[in-house]
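# give me the fold of what follows.
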Amino acid sequence: MSSTDRQHPPGWLTRFRHGVVAGVGLLLIAVGSCSLATFAAWLMPGADTTPAISALKAAALTVLAGAHGGVVLAGAQVTLAPLLVTGLLGWLVAVHARRQDSWSGFAGLALGYTLASAVLAGWSRLGSTYAPVSRSTIAALLFTLVVGGGARSAEHLWSRLPTRWQQVSRAAALVAAGYLLAGALLSAGMLLVHFSEAVALQRQLAPGAAGLPVALLAISATPNATLAGVSYLTGPGFDLGAHTSVSAFEVSSGRLPVFPLLAGLPLERSAALAGSLAILAMALLAGWAVLRTVPQAQAAQPGTAWRHRLIDCAAVAGLVGALLAALTGLAAGDLGRGALRGVGAAWWAVGLSVASLVLLAAAFWCGVQALRDRFAEQGGPGLYLLRSAPDTEPAEDAEQARTQQPGAAAQPAARSRNAS
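Sure thing, here's the model as predicted:
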């Protein structure tokens, strides 16, 4: 930076223009990243004779769907978003929003991204598949404001939080990450168990290299499967259309679309006991993690320390429930009309179930710790007497020495008198 730039920094209008350019470039980067996969699918042997511009339009539609703008496929509204693309967009928006050195630059970023999304939605029509312009524009604006504004304000808000609430937030993030990891392991494990069925479905749709688009679509939906596993491990379960619902307590299976990722569904009724045990084990592990992460508050009165700790555990449970409810809501949507409506889990049911399970498990571990402390206090005096018993002999020796000391001192005095 030159000395002239240091003396005359850019004004708000210049920063606003730079933000607009950054917003447009952000969307182009996202479309370019998704076009690598769509062009790879277009180049595979066995593809039809569609022009190359169709692969680029498919990438644009994928990006617009990832921002939860939705697409219209053969006249049916599809609102289910591939969360892997949503995560990519969120990371790009957060990075570019933090790079803006003022809020005017961030406003330009939001405007540039929104206008570019509107233009992209109007251009990316592919036969009967298109992205609604108005819906895509509103979704792009809200996505940028929420994700970008949160990224810009996170560091400032975090430094202003009291230490107690920082510890509560860390504990909530740890528990939420544990549930997400467990959901990912459950989804991957079920898919590995039914791997042969998944391969058969993949070959049924498109054998060989021609099935690359289906595989890419399944990969982009893996976070959705992870959150379906979380809803299974918390009790409410999830729905796959109007006729299929899966939970640890009840399974109702209907007609499903032919898709390889659906081969890992736990449709066996005999798995209800295992699912219930998994829910209980995850809740106990989450409660133990909360109790280990949230330190015990130093209260003025001895009897109020556990009450403060229970309040912190309740706050952690509420934050975990809110976070997983928000992610579950992002992972749900529709794949069309009729039997394909309502794919995913109810966000409010997952949030309420997670908060209740974590709070009850934390209260259970608090009770266990309180009982241990109570037994330790009751056994303390006996242990103290056992420890102090060997010290009685030196005390008795010292007492005998003090009682014998006057007689020992009188003997030299008598000797001195006899000598005189």
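# Pro266: what secondary structure?
When states are read from DSSP: H, G, I helix; E, B strand; the rest coil, the local structure at Pro266 comes out as coil.
# which residue ranges form the strands in the stretch 51-200 of the chain?
With strands called from DSSP state E, counting those that start in this stretch, the stretch 51-200 of the chain shows them at 71-73, 76-78.
# so which of those is the most packed in?
For the strands of the stretch 51-200 of the chain, the stretch with the most neighbours on average is strand 71-73, a mean of 19; neighbours defined as mean count of other Cβ atoms under 10 Å. For every residue, glycine as well, the C-beta is placed using N, CA and C.
# quick revisit: with mean pLDDT added, can I get the strands of the stretch 51-200 of the chain in TSV?
What follows is the strands of the stretch 51-200 of the chain, written out as TSV (pLDDT from 0 to 100):
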stretch	mean pLDDT
strand 71-73	88
strand 76-78	86
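# nearest to Val93, of the ones you listed?
Relative to Val93, the nearest member of those by Cβ to Cβ is strand 71-73, separated by 20.1 Å.
# quick one: contacts of the closest one?
Taking Cβ atoms under 8 Å, 6 or more residues apart in numbering as the criterion, the residues outside strand 71-73 that touch it are 61, 64-65, 78, 128-132, 336.
# and those residues, which is the shakiest by pLDDT?
Taking the contacts of strand 71-73 together, the minimum pLDDT is found at Gly336 (75).
# circling back to that earlier point, now the strands of the stretch 51-200 of the chain in CSV, with distance to Ala151?
Shown next, in CSV, are the strands of the stretch 51-200 of the chain (distance: least, Cβ to Cβ, whole Å):
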stretch, distance to Ala151
strand 71-73, 27
strand 76-78, 28
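# out of the ones you listed, which gets nearest to Gly344?
Nearest to Gly344 among the strands of the stretch 51-200 of the chain is strand 76-78 (12.9 Å), distances taken as Cβ to Cβ.
# sheet partners, orientation included, of that closest one?
The sheet places strand 76-78 alongside strand 71-73 (antiparallel), with pairing taken from DSSP bridges.
# below-threshold pLDDT in the stretch 101-250 of the chain: ranges please.
Along the stretch 101-250 of the chain, segments meeting pLDDT under 70 span 205-213.
# just the buried residues from the contacts of strand 71-73, in PyMOL please.
Selecting only the buried members of those in PyMOL, with burial defined as 16 or more other Cβ atoms under 10 Å, works like this:
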select buried, resi 61+64+65+78+129+130+131+132+336
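# just to revisit the earlier point, which one of the strands of the stretch 51-200 of the chain lies nearest to Val350?
Ranking the strands of the stretch 51-200 of the chain by distance to Val350, with Cβ to Cβ as the measure, places strand 76-78 first at 22.2 Å.
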